[in-house]
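> Turn this into a model:
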Amino acid sequence: MERRLARPRKAEKLKVVGVRIDPGIERRLRLLAEATGRKPSFFLQQLIEGGIGKLEEVWLPPDLLEQVRAGALPDSGVSRVEPDLFD
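Residues are numbered from 1 along each chain as shown. Here you go, the predicted model:
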């Protein structure tokens, strides 16, 4: 059974994110894409949308997690331990 997750509204454009992945994972992702006629980005989007809640539970402080769950996504005010790819 395929789950469809909410798509962004027209005003919210999808953002491009660069990610480095293990070559074995990339081959598996490409195989999924080829076997289904979908793009690898579709499956990456499904993975992210389906797993971000669990990551938030593990990595966000409880007060920030509560804000996120209430729909109040703070802008980039959250400090990071180290810069990411786009800093």
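> how close does the residue located most distally from the centre of the chain sit to Ala72?
For the chain, the residue at maximal distance from the C-alpha centroid (CA atoms, centre = their mean) is Ala35, at 22.6 Å. Remark: distance between Ala35 and Ala72 (CB to CB, to the nearest Å) = 40 Å. No exception for glycine: its C-beta is placed from N, CA and C like everyone else's.
> what residues are up against Ile21?
Neighbour list for Ile21: Leu29 [criterion: CB atoms under 8 Å, 6 or more residues apart in numbering].
> buried ones in stretch 21-32?
Leu29 (16 or more other CB atoms under 10 Å).
> and it, how far out from the chain's middle?
Offset of stretch 21-32 from its chain centre (CA atoms, centre = their mean, to the nearest Å): 17 Å.
> Report the mean confidence score over it.
Across stretch 21-32, the average pLDDT comes to 97.
> and if you look at stretch 57-71?
94.
> Between the two ends of that stretch, how far is it?
15 Å (CA to CA, to the nearest Å).
> which parts of it are buried?
Quick answer for stretch 57-71 (16+ other CB under 10 Å): Leu64.
> Counting residues, name the longest helix you see in this structure.
Taking DSSP state H as the criterion, the chain has its longest helix at helix 40-59.
> Return the distance of the residue nearest to the spatial centre of the chain relative to Asp63.
By CA atoms, centre = their mean, the mean C-alpha position of the chain lies nearest to Ile48, the distance being 3.2 Å. Counting by CB to CB, the separation of Ile48 from Asp63 is 24 Å.
> circling back to that earlier point, output the contacting helices and strands for the helix or strand just after the longest helix of the chain.
Per DSSP states H and E, the first helix or strand lying C-terminal to helix 40-59 is helix 62-69. The helices and strands touching helix 62-69, judged by 3 or more CB pairs under 8 Å, 6 or more residues apart in numbering; DSSP states H and E, are helix 40-59.
> Counting by contacts, list what the helix it packs on packs against.
So helix 40-59, by 3+ CB pairs under 8 Å, 6+ apart, packs with helix 23-36, helix 62-69.
> Can you add distance to Glu12 and give those helices back as a markdown table?
Below are the helices and strands packed on helix 40-59 laid out as a markdown table (distance: least, CB to CB, whole Å):
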| stretch | distance to Glu12 |
| --- | --- |
| helix 23-36 | 25 |
| helix 62-69 | 16 |
